[in-house]
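Peer 1: Dropping the sequence and predicted coords here.
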Amino acid sequence: MTSCDVTVVIPTRDRWEVLSRAALASALAQEQVVHEVVVVDDGSVDGTAERVEALGDPRVRVVRHEHSLGVARARNTGLHAARGEWVSFLDDDDLWSPHKLCGQLDAADAAGASFVYSGGAAVDGQGRFLFAVSAPDPRELTRLLLRWNVIWCGCSNVAARTELVRRLGGFDEQLFQLADWDLWIRLALATRSAAISEILVAYAMHEQSMLLTDRRDVFPEMDYLAAKHSEASRMYGVDFDRALFTRWVARGHRLAGRRREAARIYARGARRHRDLGAAVRAVGSLVLSEPTIGRATRLAGFEERSSLEKIQVPEPEWLSRYR
């Protein structure tokens, strides 16, 4: 190991209140590991950089973009600044168990792996536990990723060897919503992975998430991702799940209150993919409340499709420290 085992990279922009109580607190609470935290201030105007520096914690560094360059560029800036042998990314609103880094590094070492991930939880905007998702089997990871992004909590879950991520080119800056999925595919194709079943990460589901606030058309990204990995898809005999992706996009619009846009995209999925469940949701998005849509589709036999396996576990004890 180097003198710094892990660099934690946290991109942020104008969200000091969220950053300070969630990601930064989680990163600094890590136990049994030598680590540093690189906060990448992507053009904030709320004094984020100055506030981080005012903490006076020698483990924390700030790298600042004078103007916002986007989250993929911000993550790459943190990657290039990293001094740790491993790098782990953390979105500013997500949460970690204090044992996240040491647990994952131990699992990677035991498996001889160069990147590692764990099970994860979903929490609401107040940090209340919603559900848990299992860690996919590393033996099937590449095939699974070529269908759907099965690593829960996106960029807040994976830890990987820093030089490997650099060699692979880091995050593709042509992507904004799917950049993590693309990198996980490239890592899975390049090296051995390891998984730990323990719930070590929590993804915050709230109205300010990028999925809900970013209005850019994400379908060209899916086309780009599929074209980029078309050879791997042919080799593994699996296709990206466009019907599931369409539902995911529509649901984001629905949760953000953009009912007409959600209905339009559900209807598009119903036509293109012969997805009757999407047709039911298209109508429901216009006339039903969110809980009623779920009940209606279940009664009609059209459950929400997913490749993510939810598991029945008690709320992780560590979550209580963030409430």
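Peer 2: That came through, no problem. Because the structure is predicted, anything quoted here is derived from the model rather than measured.

Peer 1: drop to CA atoms for contacts and neighbour counts, all remaining ones
Peer 2: Will do.

Peer 1: Now do the strands in the stretch 101-250 of the chain.
Peer 2: Remark: strands assigned in the stretch 101-250 of the chain by DSSP state E, counting those that start in this stretch are 115-123, 129-133, 159-161, 193-204.

Peer 1: Could you pull out the helices in the stretch 201-323 of the chain for me?
Peer 2: Using DSSP state H, counting those that start in this stretch, the helices of the stretch 201-323 of the chain run over 210-213, 219-228, 230-236, 242-255, 259-273, 276-287, 290-299.

Peer 1: And the third one, what's buried?
Peer 2: The reference is to helix 230-236. 230, 232-233 (16 or more other CA atoms under 10 Å).

Peer 1: Where do the domain boundaries of this structure fall?
Peer 2: The record's domain split for the chain, according to automatic domain parsing, is 6-209, 219-299.

Peer 1: so what's Ser156 closest to, chain neighbours aside?
Peer 2: Among residues not flanking Ser156 along the chain, Leu90 sits closest, at 4.1 Å (CA to CA, 6 or more residues apart in numbering).

Peer 1: Can you tell me the number of residues neighbouring that neighbour?
Peer 2: Neighbourhood size, Leu90 [other CA atoms under 10 Å]: 29.

Peer 1: I figured it hits Leu19, correct?
Peer 2: No. Counting by CA atoms under 8 Å, Leu90 does not reach Leu19; the two are 10.2 Å apart.

Peer 1: Asp57 should be in a strand, yeah?
Peer 2: No. Looking at Asp57 with DSSP: H, G, I helix; E, B strand; the rest coil, it is coil, so not inside a strand.

Peer 1: check contacts around it.
Peer 2: By CA atoms under 8 Å, 6 or more residues apart in numbering, Asp57 lies in contact with nothing.

Peer 1: Got the confidence number for it?
Peer 2: Looking at Asp57, its pLDDT reads 96.

Peer 1: Now it. Its backbone dihedrals?
Peer 2: phi -90, psi 120 (degrees, to the nearest 10).
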